[in-house]
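Chemist: any chance you can model this:
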Amino acid sequence: MKQFNKFLMISFFLIPFQLFADELSEDILPMRDRAKVRDALLKDRFRTVLPEVMRRNNMDMWLIIAREYNEDPVIRTMLPATWLNARRRTVLVVFDPGKNKPLETYAVARYDVGEIFKKAWDPEAQPDQYKALADLIKQKNPKKIGINKSEFFAQADGISSTEYDLLNKALPRKYQKRIVSATNVAVGWLETRSAKEMEIYPKICRIAHDIIKEGFSSNVITPGVTTTDDIVWWYRERIRELNFVTWFHPSVSIQRGDKQNFNFLKSFSNAKPDNTVLPGDLLHVDFGITYLSLNTDTQQHSYVLMPGENTVPNELTKALATGNRLQDILTNQFKTGRTGNEMLLSALEQAKSEGINPQIYTHPIGYYGHGSGPTIGMWDKQEGVPVNGDYPLYPNTAYSIELNAKVFIKSWGKEVAIQLEEDAFFDGENCEYIDPRQTEMIVIDWETDK
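Modeler: Below you'll find the model as predicted:
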């Protein structure tokens, strides 16, 4: 444990608060070191996260079954860093022996799966892989056999119909009756962030914020020349240049003092007929990276100064403050045990009582950008989200606080949407931003900075 902490300290805690563009790459781990961190985090999660999740759901055996290139969304989060996919058929078994003993982890596969899952199948002695799994199940005699089968949570629905049929065929009827959905275990595993992960997550979010600032600068944008598509592809190139990947294609949109009203869907589309950046434009970006198995999801705004301007117009500054207030209203709703729908409806009611025109569509984040856990609204479901919105809030979970507030800009004669998204962590008591959120517009001073 001390060696792990020392490695993290050396790798991450030297990152300064503000990075210059040419310094970003210097603070990003090479691939070999990333693998060490990822494997250490995974090993720690099996010790600190999974036992609690399984025990609160009274699940003493969990099966995760997948074939190569037909990955279960959960198995992808359990493979060692050097395994990019499952191999042949990979069967992982997690068994809780009870009495607070450590979890037992087995791989009914031809190989050990990293350092966590030890090989529990000898194909020469027993050629039938499912028969070997059945023998292990009989030996452990679990009360419940959880499988990743879920109607509503896609990431907890990873077992294919073929594997489900083969499992049932291999088991005696006695054990077939013990098969249950492991939805809440799978969701709990995916949504819960470990203490070690939260030592790293702020640095990942900070890197994402710094890349956004790089793109929203006069180094990238020349008004009258640069298009939103140019900025989007600059972000894609920068992501790859830093040896990251992204889990979605970024988008950049424009709002300005014209007669065109805000359109939610068009703001996230790159197919715009008039997308050249001009002075006086309010820019919006939706951007995310994947690093060390964790994802970011951020939306921020930038203002392009008009000739002779040296600051953001007061109306737009106040509009951003309104968006920040909506964020505060939502994050103040976070209480252990509350459902996503309860938080959504309460936040909307309070926002409207304060004269805010709100729209909230917040989601869990972590191993997946759109993660599993309580859905707190969707842009087209402001009355609540069935089932997924009824899932309760647990401590040590992370969320993309995603929303917009529509504010009338008198000088433009129309509403603008302040579309914000910042990653936050709920520790069971408070919901705080993982890296400080945007509270001031990013200013593109294209005349002075030339």
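Chemist: tell me which helix or strand comes right after the longest helix seen in the chain.
Modeler: Counting residues, the longest helix in the chain under DSSP state H turns out to be helix 195-215. Downstream of helix 195-215, the first helix or strand assigned by DSSP states H and E is helix 228-241.
Chemist: can you name the element that comes right after that next one?
Modeler: strand 251-255.
Chemist: then that following strand to PDB, C-alphas only?
Modeler: Output of strand 251-255 as PDB, limited to C-alpha atoms (Å, rounded to 0.1, in the frame of the first residue of the first chain):
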ATOM      1  CA  SER A 251     -19.200  19.200 -30.200                       C
ATOM      2  CA  VAL A 252     -18.800  23.000 -30.400                       C
ATOM      3  CA  SER A 253     -21.800  25.300 -31.000                       C
ATOM      4  CA  ILE A 254     -22.400  29.000 -31.300                       C
ATOM      5  CA  GLN A 255     -25.000  31.400 -29.900                       C
END
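Chemist: and it, which strands flank it?
Modeler: In the sheet, strand 251-255 lines up against strand 282-287 (antiparallel) (DSSP bridges).
Chemist: ok, residues contacting the strand it pairs with?
Modeler: In this structure, residues lying in contact with strand 282-287 by Cβ atoms under 8 Å, 6 or more residues apart in numbering are 208, 211-212, 215-216, 228, 231, 235, 246, 248, 250-256, 267-268, 277, 296-304, 316, 416, 419, 421, 444. In short, each C-beta sits where N, CA and C put it, glycine included.
Chemist: ok so, going back, any idea how far the longest helix of the chain is from the chain center?
Modeler: Put simply, helix 195-215 sits 12 Å off its chain's centre (Cα atoms, centre = their mean, to the nearest Å).
Chemist: domain parsing of the chain, as residue ranges.
Modeler: Following automatic domain parsing, the chain resolves into domains at 50-189, 194-444.
Chemist: for the first one, the distance to its chain's centre please.
Modeler: With Cα atoms, centre = their mean as the basis, the distance from the averaged C-alpha position of domain 50-189 to the chain average is 24 Å.
Chemist: so where do the helices sit in the stretch 51-200 of the chain?
Modeler: Assigned by DSSP state H, counting those that start in this stretch, the helices in the stretch 51-200 of the chain fall at 129-140, 161-170, 173-176, 183-191, 195-215.
Chemist: check the stretch 301-450 of the chain too.
Modeler: 314-331, 340-353.
Chemist: just to revisit the earlier point, write the ChimeraX selection for whichever of the contacts of strand 282-287 are buried.
Modeler: With 16 or more other Cβ atoms under 10 Å as the criterion, this ChimeraX line picks the buried residues out of these:
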select :208,211,212,215,216,228,231,235,246,250,251,252,253,254,255,256,267,268,277,296,297,298,299,300,301,302,303,304,316,416,419,421,444
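Chemist: just checking, residue 428 touches residue 393?
Modeler: No - using Cβ atoms under 8 Å, residue 428 is not in contact with residue 393; the gap is 9.2 Å.
Chemist: between those two, who's got more neighbours?
Modeler: residue 393 (24 against 13; other Cβ atoms under 10 Å).
Chemist: measure the residue lying closest to residue 186 once chain neighbours are set aside to residue 301 for me?
Modeler: Distances taken as Cβ to Cβ, 6 or more residues apart in numbering put residue 156 closest to residue 186, at 3.7 Å, once the chain neighbours are dropped. According to Cβ to Cβ, to the nearest Å, residue 156 and residue 301 sit 35 Å apart.
Chemist: quick one: closest of the helices of the stretch 301-450 of the chain to residue 166.
Modeler: helix 340-353 (35.5 Å; Cβ to Cβ).
Chemist: hang on, the earlier thing: can you lay out the helices of the stretch 301-450 of the chain as a markdown table showing mean pLDDT and distance to residue 188?
Modeler: Formatted as a markdown table, the helices of the stretch 301-450 of the chain follow (pLDDT from 0 to 100; distance: least, Cβ to Cβ, whole Å):
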| stretch | mean pLDDT | distance to residue 188 |
| --- | --- | --- |
| helix 314-331 | 98 | 22 |
| helix 340-353 | 98 | 15 |
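Chemist: any chance of those in a markdown table, with distance to residue 220 too?
Modeler: A markdown table is the format used below for the helices of the stretch 301-450 of the chain (distance: least, Cβ to Cβ, whole Å):
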| stretch | distance to residue 220 |
| --- | --- |
| helix 314-331 | 21 |
| helix 340-353 | 34 |
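Chemist: select, out of these, the one closest to residue 132.
Modeler: helix 340-353 (40.9 Å).
Chemist: give me the residues contacting the closest one.
Modeler: 326, 329-330, 333-334, 358, 360, 362, 374-377, 382-385, 388-391, 393, 405.
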